[in-house]
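> Here's my sequence, what's the structure:
(chains A and B)
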Amino acid sequence: MARIDLDLAHAYKHGPTHDGDFALLPLKMTFEDGGAYALLGPSGCGKTTMLNIMSGLLAPSQGTVHFDGRDVTRTTPQQRNIAQVFQFPVIYDSMTVAENLGFPLRNRRFSKEVIRKRVGDIAEMLELSAILQQKAAGLTVDARQKISLGRGLVRPDVSAVLFDEPLTVIDPLLKWQLRRKLKQIHRELKLTLIYVTHDQVEALTFADQVLVMTRGRSVQLGAPEALFERPSHTFVGHFIGSPGMNFLPVQVDGSGIHLGEMCLAAPPGRVLPHGALKLGIRPEYLGLVAAHTPGAVAMTVSRVHDVGTHILLSVGFAGHALKARLDADAVVNAPGDTVWLQVVSEHSCFYKDEELVP
Amino acid sequence: MSTLNKPVNQRAWLLVLPVLICVAFSAILPLMTVVNYSVQDIISPDRRVFVGTEWFAAIMRDPELHGALGRQLIFSLAVLAVELPLGILLALAMPAHGWKSSVVLVLVSLSLLIPWNVVGTIWQIFARSDIGLMGAFLQWMGIDYSYTGNAVHAWFTVLLMDVWHWTPLVGLLAYAGLRSIPDAFYQAAAIDSASKFAVFRYIQLPKMRAVLMIAVLLRFMDSFMIYTEPFVLTGGGPGNATTFLSQFLTQKAVGQFDLGPAAAFSLIYFLIILLLCFILYNGMQRVGTQEVAVARD
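Numbers count the residues shown, from 1 in each chain, chains lettered A, B, ... in the order given. This next block holds a predicted model:
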């Protein structure tokens, strides 16, 4: 088990000249020992590249990787003692399930006793015990991916276990169970787990700390709550949440926050820089309030969508479209009506050049 | 689905007719000619006697045939034993990407493009003990090498020639099998600290099984019917040390003009090949599916 420090950048082509050439822009990052992390971002944002650099399958084009302060930049996965699970199941067809699970241990010359015990434990956790003696070929894709997961978790002394979208091929119900299983395994074994995904629900439920990435840039590392409450970049606000954060262009000066024709007072106790800003407000915090409440804006309802657990309200004003998420028992108006929604509150975030104003 | 609403239309048979005619002319009629010869003794163009299965019985007792069949089996097995491992090694050694792989692919396939009798001629000259590069070199080394005089040397030369000619085919097939393995398998093996041998044993070999099966079938059938190269190189000699089945058949049919026994043997030869391929194919299919079958128990 190890703390992992990254201070690097990576480009797949020689002599990168501009940001677009980098798969990973220069970044500095620490993954604490025993943490459960998720790397979250859309496809092609560099998360798999980062994972492969950590595991040693790929050497960064510049910078270093340290495990517990030891420079491991040029070492192999074997020397780093790292485990990785891939998006599609990789199993050894000619072996039984038990042999598959024990393969990383056999290669590292663990004793037969230890191997049998570890394979038994892991199979128990992943509910593979019943098929241990079967050939791995011909199993369902779910079972095959469970074996892959098991091979990642079987080594007792591993530095970290990296998951590269491991649940993509699994059907939704089992996906839910496996994610809970992984969480439980993390608590029991205290392994450092790093989980790559493009699914925010997966990332936010699995990890203690989530790193949000886009186009090779690491935008924010934080607890799921922090990503939700104070996204440090408009991308995070937009990417996390369903639907994402609403953004409104505003002008701030000495008299208050100018939103189109209106002028609203800044939240109490907040000092904002003057000039053009973006106001971000989560649909969850865009609450219905009485007319002319301070910080509220009158908007026209364009669509009401009852999702069951909550009501999704599409509203618009002065050419801006916003979404509000209301409790299922809220009294809703019909399309065309005017409602007052709380735009400025202690939950509002302000962004200058896409970065959060502290 | 029921058969009730299926239209009955016998005209569909007409569509099969062209194929039937083609096959009749290309395969069935020639084969029947051979069958015709095999049951008659043709003494002169207008005098023939029906002899039933006599030719079959006679040829089966022919010690020359027994010798040729034995040599043929040993030769084909030797070809497989040498070319398969060598082809796999070749495939493993070939570069996987870039211009190097293209160059190597062309170089490796060169020997496959040479006509059979040219291959025989090349080796006939190459192995000559007076002027041939290999023959003269072996002589110079102090080995009294002669593929025309020494049966062992002749055997060795014919085998070497076949290995030179056909190992690239096995190599190319194995190479195709190797290239179809996704990178994730190698990455997973690196993560699992698998040794090079373990990667070969548990990833590469299992993934190559299908193409290797094709390689075994092709090489076995081809070598079992080998004719031109040894005919040009040794002419079946010295004595009949390198006379294989095809050449034995030619000697009977063309050399001695024993059409009856030759026809009878042709049919037997055909059936032997059919039978061996059937056994081989089924055997290997079973090896391939066995694991799946066990897993589904």
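
> Spell out which residues make up each domain of the chain.
The chain I'm using is chain A. Here the domain parsing of chain A from automatic domain parsing is A:4-238, A:242-356.

> that's the wrong chain, I meant chain B
According to automatic domain parsing, the ranges for chain B are B:12-50, B:56-295.

> Of these, flag the one that's most buried.
domain B:56-295 (a mean of 17; mean count of other C-beta atoms under 10 Å in any protein chain shown). Every C-beta, even on glycine, is put in place using the N, C-alpha and C of the backbone.

> one step back: right, and the domains of chain B - which one's nearest chain A?
Nearest to chain A among the domains of chain B is domain B:56-295; the distance by C-beta to the nearest C-beta comes to 3.8 Å.

> how about the closest one against chain A, any contact?
Yes: remark: domain B:56-295 sits within contact range of chain A at B:182, B:184-185, B:187-188, B:190-195, B:198, B:202-203, B:205-206, B:291-292, B:294-295, by C-beta under 8 Å from any C-beta of the partner chain.

> Just give me the neighbour total for the closest residue to A:T192 other than its chain neighbours.
In space, and not counting its chain neighbours, A:T192 is closest to A:A160: 4.0 Å by C-beta to C-beta, 6 or more residues apart in numbering or on different chains. Using other C-beta atoms under 10 Å in any protein chain shown, A:A160 has 25 other residues around it.

> what's the spacing between A:A160 and B:I191?
11 Å (C-beta to C-beta, to the nearest Å).

> Would you map the strands across the stretch 151-300 of chain A?
A:161-164, A:193-197, A:209-214, A:217-222, A:246-253, A:256-259, A:262-264, A:275-281, A:296-306 (DSSP state E, counting those that start in this stretch).

> Can you lay out the ones you listed as TSV showing mean pLDDT?
Listed next are these as TSV, based on pLDDT from 0 to 100:
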stretch	mean pLDDT
strand A:161-164	89
strand A:193-197	90
strand A:209-214	89
strand A:217-222	86
strand A:246-253	87
strand A:256-259	84
strand A:262-264	81
strand A:275-281	87
strand A:296-306	85
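
> Quick check: which of these is nearest to B:D162?
Evaluated with C-beta to C-beta, the strands of the stretch 151-300 of chain A place strand A:161-164 nearest to B:D162, the distance being 47.1 Å.

> B:L212: which element?
helix B:205-224 (DSSP states H and E).

> what does B:G120 give?
helix B:116-126.

> Who are the packing partners of that helix?
helix B:133-140, helix B:151-179, helix B:228-233 (3 or more C-beta pairs under 8 Å, 6 or more residues apart in numbering or on different chains; DSSP states H and E).

> and of those helices, who's closest to A:M125?
helix B:151-179 (35.2 Å).

> Mind pulling up the pLDDT for the nearest residue to B:W164 once chain neighbours are set aside?
Of all residues not flanking B:W164 in the chain, B:S111 sits nearest, at 6.2 Å (C-beta to C-beta, 6+ apart). For B:S111, the model assigns a pLDDT of 89.

> swap in B:R286?
As predicted, B:R286 sits at a pLDDT of 69.

> now A:V201
85.

> if we can go back for a sec, which among the domains of chain B is found nearest to B:N5?
Among those, domain B:12-50 sits nearest to B:N5 (C-beta to C-beta), with 16.8 Å.

> model confidence over the closest one, on average?
Rounded mean pLDDT across domain B:12-50 is 86.

> Go ahead and measure how far it is from the middle of the chain.
Domain B:12-50 sits 26 Å away from the centroid of its parent chain (C-alpha atoms, centre = their mean, to the nearest Å).

> The stretch 101-250 of chain A against chain B: which residues are in contact?
A:103-104, A:107-108, A:134-139, A:148, A:151-152.

> And the furthest pair within those?
Farthest apart among those - using C-beta to C-beta - are A:R108 and A:G138, which lie 27.9 Å from each other.

> For stretch A:203-218, measure first residue to last.
End-to-end distance for stretch A:203-218: 15 Å, by C-alpha to C-alpha, to the nearest Å.

> Pull the contacting residues for residue 175.
Picking chain A for this. By C-beta atoms under 8 Å, 6 or more residues apart in numbering or on different chains, the contact set of A:K175 is A:L167.

> Sorry, I should have been clearer: chain B.
B:L90, B:A91, B:M94, B:L105.

> Give me the secondary structure label for the closest residue to A:A137 other than its chain neighbours.
In space, and not counting its chain neighbours, A:A137 is closest to A:D93: 4.0 Å by C-beta to C-beta, 6+ apart. Three-state assignment for A:D93 (DSSP: H, G, I helix; E, B strand; the rest coil): coil.

> Tell me the confidence at A:D93?
86.

> cool, the one 4 residues further on as well?
Looking at A:V97, its pLDDT is 90.

> all strands for the stretch 1-150 of chain B, in order.
Taking DSSP E, counting those that start in this stretch to define them, one finds strands in the stretch 1-150 of chain B at B:40-44, B:47-50.

> Dump those strands to TSV, plus distance to chain A.
What follows is the strands of the stretch 1-150 of chain B, written out as TSV (distance: least, C-beta to the nearest C-beta, whole Å):
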stretch	distance to chain A
strand B:40-44	55
strand B:47-50	56
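
> can you redo those strands as JSON lines with distance to A:A324?
Below are the strands of the stretch 1-150 of chain B laid out as JSON lines (distance: least, C-beta to C-beta, whole Å):
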{"stretch": "strand B:40-44", "distance to A:A324": "99"}
{"stretch": "strand B:47-50", "distance to A:A324": "101"}
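
> just for the stretch 101-250 of chain A, where's the confidence low?
Within the stretch 101-250 of chain A, no range satisfies pLDDT under 70.

> show me what contacts the closest residue to A:D33 other than its chain neighbours?
Leaving out its chain neighbours, the residue that sits closest to A:D33 by C-beta to C-beta, 6+ apart is A:R3, at 4.6 Å. A:R3 makes contact with A:T30, A:F31, A:E32, A:D33, A:F67, A:D68, A:G69, A:T192, according to C-beta under 8 Å, 6+ apart.

> Alright, that wraps it up for me.
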